[in-house]
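[1] Sequence first, then the predicted structure:
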Amino acid sequence: MQLQLIGSASSDKDGFASLVSERKPFLLTASTPTDRNYLKLNDGAALSVSSFDVAGSTPEKGLKAFIYGERDVWRPGDSIFLSVFVKEMNLDIPQDHPVQFELFNPSDQRVDFQVQSVAGRNLLSFLTQTAVDAPTGNYRAVIRIGGATFTHRLRIETVKPNRLKIDLKFDEEILGGEKQSNKATLNARWLSGAVSGNLKSNVELLLKPIKTSFDKYSQYIFDNPVADFYSETQTVFDGEIDASGDATFNVAPGKGLRPAGSCVCQFTTRVFEKGGDASITQTGVKYAAYPVFVGINFPGLKGTSRMLFTDSDNEIRLVTVDADGKPLRSDVEVTIYKLSYRWWWESGDEQLGYYVSNNYYKPVFTQKVTTSASGEGGLQFNILKEEWGRYLIRASVPTGHSTGKIMLIDWPWEYGFKAGGGAATVLALTSDKEKYGTGENIEISFPAPAGAKAIVTIENSTGVIDRFRVNTVSPNTVVNIKATPGMAPNIYVYISVIQPHAQSINDMPVRLYGVMPVMVEDPGTRLEPAIDVAQEVRSGKSFEVKVSETGRKAMSYTLAVVDEGLLDLTGYKTPNPWNYFYAREALGVKSWDIYDYILGAFGGTLERVFAIGGDEAFMDRSARKANRFVPVVRFIGPVKLEAGKTNTHTITLPQYTGAVRVMVVGGSTRAYGSAEKSVFVRDRSCCLPRHPECLVRGERR
């Protein structure tokens with residue numbers, strides 16, 4: 001059915017009207033006794049926000065779900081405890097609403113299916129298990145809540161727990177950058193706590209390219225399309241740890257290499273026991289291959305298009321930052337190469353580096369630019385109508401990093417103004433702080449002419465929180481907003497400045513608009529679970545774990561006790577739901593208006609806003625019949641903790657000598673947190689605490 005009325009409302013005294021539509025609207029009409037206007041609400045006509053920083057996570061059908069396991073890797077036949085925190089962003093989930101759990105093997109065959117009801121809970125746990133002869137590989141856990149689907153990867157492998165605790169640390173959080181070499185510190189000790197000295201060790205490094213991005217410049221491209229990067233495993237340390245279990249060495253990850261941008265250094269560390277057995281762990285550290293990174297952006301790209309127009313001034317925006325994303329001043333050289341045309345069925349390698357390095361292919365455009373102290377810069381270029389084709393646009397800095405983009409530069413479909421191109425100028429918004437606490441004053445300022453009206457809306461990932469109008473003053477207008485708990489983790493301040501149509505004082509357009517993210521942190525969203533347990537316990541003998549919340553708040557939680565040797569295989573970190581639920585969210589509101597269609601609404605030359613594009617499967621079955629170890633894992637939950645109370649759990653571990661990690665992951669309707677504590681476990685027949693021989697004797701039994 002078309003042209004059906006699906007909602008209506010009348011504006012209030014401030015000129016605002018709100019209405020709810022069960023279906024996606026197509027056309028909006030506004031009328032007075034003497035006037036009428038129309039606004040199409042199709043997605044392509046929405047105002048572009050691609051020139052603004054609006055990236056982030058997006059709720060799934062108004063829901064967020066944090067899925068976690070008690071560890072990162074399981075053997076075939078092991079019990080798997082999978083828990084999920086559910087947070088509704090808009091509406092309360094009905095009490096009897098089902099939550100479906102499905103487990104798929106590497107062949108995408110469903111091997112388990114369970115259903116639980118919400119029953120007023122925000123934390124649910126599913127106990128599943130693979131067969132003893134199940135294929136290894138990556139399994140997929142799927143949680144379905146209504147129309148929302150969430151997935152989580154499970155690794156099923158034939159692994160053996162470590163007997164040594166291995167720590168590999170570096171003097172910097174991000175390797176590389178200004179430093180060509182970084183200091184590494186290696187420490188190994190028995191999981192029982194005893195010193196492990198003079199053991200053979202080695203550390204291997206593999207560089208893996210990742211997308212280069214910086215939070216404040218998500219609309220810029222930082223990766224080089226010309227670079228062909230291949231990395232092989234290299235040994236960065238091969239020797240023995242000293243009598244105290246320590247070793248130090250220097251690492252130069254990218255020496256002689258030119259990656260496209262950022263990389264991850266994957267360190268694989270092995271420490272060998274005297275008998276030849278080895279404990280192994282992997283550590284991932286971000287690596288910045290260059291001290292300065294240059295980003296490039298093309299405001300003229302529309303939607304997901306990769307096309308610019310000939311016979312027009314096309315703008316290139318540049319930004320230069322250091323390895324931490326902080327802006328800095330730098331020289332930038334921009335070069336444009338014309339490429340041979342490729343048809344869609346061609347799939348061979350273009351070898352773009354040949355165009356850049358070969359003297360025969362001269363660039364059609366070269367210009368040097370120096371960015372400002374804020375790291376920003378730009379230039380314009382013009383390609384003649386007869387020179388249409390595919391081009392490589394490349395930006396480089398003297399320190400070695402390059403970026404760029406391949407695009408088509410062709411004749412425009414028609415000359416003059418293009419409808420839907422988005423003809424509003426950018427309104428630059430600034431705030432007095434980067435992050436605010438609840439109750440603080442958010443001060444947003446923007447340049448505007450006197451006598452105009454500014455419509456301010458406070459938006460987030462799910463809708464509009466507030467809206468109001470202010471009168472502008474010249475040269476800067478300041479808007480004050482109070483940060484409330486409902487604004488966490490972030491809001492977007494959307495401001496449209498509208499001038500009188502008949503004014504002739506300035507040549508600015510009738511409407512300017514800008515969007516700015518504002519981070520808000522609510523201390524009330526953090527939980528601080530506390531664990532009270534003895535530092536040393538005995539296997540086969542019961543011990544108590546007491547769980548409370550430091551602020552005496554109520555919460556639901558899971559409690560897991562897991563062998564550190566299993567957790568270290570993958571570098572498992574205790575899950576913290578807060579980092580997921582209160583990560584920055586993307587803007588979830590679209591805006592439309594009619595100001596692009598007002599004749600005579602623009603003055604001089606305008607900077608317009610354009611939309612930019614944005615194992616193996618089977619092993620020897622006979623080898624599986626002998627299970628070399630029983631994993632030390634105890635899981636309890638979900639458990640509800642009343643406000644101001646302390647829960648006590650009695651746990652008994654099997655015969656084992658080593659270390660376990662006690663982990664509590666808790667949450668309430670809007671607050672989350674986690675805690676962990678390491679506990680040494682002695683064999684019940686051991687007489688000496690943390691005695692190295694106890695570990696060997698315990699393993700042999």
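    That came in fine, so what should we check first?
[2] When you work out contacts or count neighbours from here on, use the C-alpha atoms and nothing else.
    Fine.
[3] the strands in the stretch 51-200 of the chain, which residues?
    For the stretch 51-200 of the chain, the strands defined by DSSP state E, counting those that start in this stretch occupy 63-69, 73-74, 79-88, 98-104, 110-117, 123-129, 137-145, 148-156, 164-170, 175-176, 182-190, 200-209.
[4] Check which element follows the last one along the chain.
    Following strand 200-209 in sequence order, the next helix or strand is strand 234-240 (DSSP states H and E).
[5] list the buried ones in that next one?
    Within strand 234-240, the residues scored as buried using 16 or more other C-alpha atoms under 10 Å are 237, 240.
[6] Which strands or helices does it pack on?
    With contacts taken as 3 or more C-alpha pairs under 8 Å, 6 or more residues apart in numbering; DSSP states H and E, strand 234-240 sits against strand 200-209, strand 246-251.
[7] Let's see the last one as CSV, backbone CA atoms only.
    Output in CSV follows, covering the C-alpha atoms of strand 246-251 (Å, rounded to 0.1, in the frame of the first residue of the first chain):
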residue,chain,number,x,y,z
ASP,A,246,64.8,-13.0,33.3
ALA,A,247,66.2,-12.0,30.0
THR,A,248,66.3,-8.6,28.1
PHE,A,249,66.8,-7.9,24.5
ASN,A,250,66.1,-5.3,21.8
VAL,A,251,63.5,-5.6,19.1
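[8] List the neighbouring strands of that strand plus their orientation.
    Strands that pair with strand 246-251, judged by DSSP bridges, come out as strand 182-190 (antiparallel).
[9] average model confidence for the strand it pairs with?
    What strand 182-190 shows for mean pLDDT is 91.
[10] okay, how far is it across stretch 643-652, tip to tip?
    One end of stretch 643-652 to the other measures 27 Å (C-alpha to C-alpha, to the nearest Å).
[11] Quick one: mean pLDDT over that stretch.
    The average pLDDT for stretch 643-652 rounds to 93.
[12] Which residues does it contact?
    If you take C-alpha atoms under 8 Å, 6 or more residues apart in numbering as the criterion, stretch 643-652 is touched by 539-549, 552-555, 634, 641.
[13] I'd like to know which of the residues you listed are buried.
    Buried by 16+ other C-alpha under 10 Å: 539-540, 543, 545, 547-549, 552-555, 634, 641, out of the contacts of stretch 643-652.
[14] now, the most widely separated pair of those?
    Between any two of these, the greatest separation by C-alpha to C-alpha is 33.5 Å, found for Gly540 and Lys553.
[15] which of the strands of the stretch 51-200 of the chain is buried the deepest?
    Stretch with highest mean neighbour count among the strands of the stretch 51-200 of the chain: strand 175-176 (a mean of 24; mean count of other C-alpha atoms under 10 Å).
[16] Parallel or antiparallel, list what pairs with it.
    Looking at strand 175-176 with DSSP bridges, its partner strands are strand 278-288 (parallel).
[17] The helix or strand of the chain with the lowest mean pLDDT: what's the following helix or strand?
    Ranked by mean pLDDT, DSSP states H and E, the weakest helix or strand in the chain is helix 621-624, scoring a mean of 40. Next helix or strand after helix 621-624 toward the C-terminus (DSSP H and E): strand 633-641.
[18] Now find how far off-centre that following strand is within its chain.
    29 Å (C-alpha atoms, centre = their mean, to the nearest Å).
[19] Flag every buried residue along the helix or strand just after it.
    Downstream of strand 633-641, the next assigned helix or strand under DSSP H and E is strand 647-651. Applying a neighbour-count criterion of 16+ other C-alpha under 10 Å, one finds Ile651 buried in strand 647-651.
[20] Remind me which helix or strand Val562 belongs to.
    Short version, using DSSP H and E: Val562 is in strand 555-563.
[21] What strands flank that strand, and is each parallel or antiparallel?
    By DSSP bridges, strand 555-563 pairs with strand 633-641 (antiparallel), strand 658-667 (antiparallel).
[22] Sort out which residues of the shortest one are buried, please.
    Going by neighbour count (16+ other C-alpha under 10 Å), the buried part of strand 633-641 is 633-635, 637-638, 640-641.
[23] and Asn224, how many neighbours does it have?
    21 (other C-alpha atoms under 10 Å).
[24] how much space between it and Thr320?
    Taking C-alpha to C-alpha, one finds Asn224 at 14 Å from Thr320.
[25] Where does the prediction get shaky in the stretch 501-650 of the chain?
    Applying pLDDT under 70 to the stretch 501-650 of the chain flags the ranges 502-507, 598-629.
[26] how about the helices in it?
    564-567, 577-581, 621-624 (DSSP state H, counting those that start in this stretch).
[27] packing partners for the first one?
    The one in question is helix 564-567. In terms of contacts (3+ C-alpha pairs under 8 Å, 6+ apart), helix 564-567 is packed against strand 164-170, strand 658-667.
[28] coming back round to it: got the strands of the stretch 51-200 of the chain as a markdown table, with distance to Ala289 columns?
    Shown next, in a markdown table, are these (distance: least, C-alpha to C-alpha, whole Å):
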| stretch | distance to Ala289 |
| --- | --- |
| strand 63-69 | 33 |
| strand 73-74 | 31 |
| strand 79-88 | 38 |
| strand 98-104 | 38 |
| strand 110-117 | 43 |
| strand 123-129 | 42 |
| strand 137-145 | 31 |
| strand 148-156 | 30 |
| strand 164-170 | 16 |
| strand 175-176 | 6 |
| strand 182-190 | 13 |
| strand 200-209 | 10 |
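[29] Nearest to Tyr597 among the ones you listed would be which one?
    Of all those, the one in closest proximity to Tyr597, counting by C-alpha to C-alpha, is strand 63-69 (37.5 Å).
[30] Does that closest one pack against any helices or strands, and if so which?
    strand 79-88, strand 148-156, helix 577-581.
[31] mean confidence for that strand?
    On average, strand 63-69 scores 93.
[32] got the angle between that strand and strand 137-145?
    Here strand 63-69 points in a direction 150 degrees away from that of strand 137-145 (axes from the mean of the first three to the mean of the last three C-alpha atoms, to 10 degrees).
[33] How far away from the center of its chain is strand 63-69?
    With C-alpha atoms, centre = their mean as the basis, strand 63-69 stands 15 Å off its chain's centre.
[34] Point out where the protein drops to low pLDDT.
    Checking the chain against pLDDT under 70 turns up 1, 89-92, 256, 302-306, 340-362, 412-425, 502-507, 598-629, 684-701.
[35] export the strands paired with strand 555-563 to a markdown table and tack on distance to Val115?
    Shown next, in a markdown table, are those (distance: least, C-alpha to C-alpha, whole Å):
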| stretch | distance to Val115 |
| --- | --- |
| strand 633-641 | 16 |
| strand 658-667 | 22 |
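[36] To Thr430, which of those lies closest?
    For Thr430, the closest of these is strand 658-667, at 34.6 Å, according to C-alpha to C-alpha.
[37] Just the CA atoms of the helix or strand just after the closest one, as CSV, please.
    The helix or strand immediately downstream of strand 658-667 is strand 672-682, counting by DSSP H and E. Output of strand 672-682 as CSV, limited to C-alpha atoms (Å, rounded to 0.1, in the frame of the first residue of the first chain):
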residue,chain,number,x,y,z
TYR,A,672,29.4,-3.3,34.8
GLY,A,673,32.9,-4.4,36.0
SER,A,674,35.2,-7.3,36.6
ALA,A,675,37.9,-8.5,39.0
GLU,A,676,40.5,-11.2,39.1
LYS,A,677,43.0,-12.7,41.5
SER,A,678,45.7,-15.3,41.1
VAL,A,679,45.9,-18.2,43.5
PHE,A,680,48.6,-20.8,44.0
VAL,A,681,47.5,-24.4,44.3
ARG,A,682,49.6,-26.9,46.1
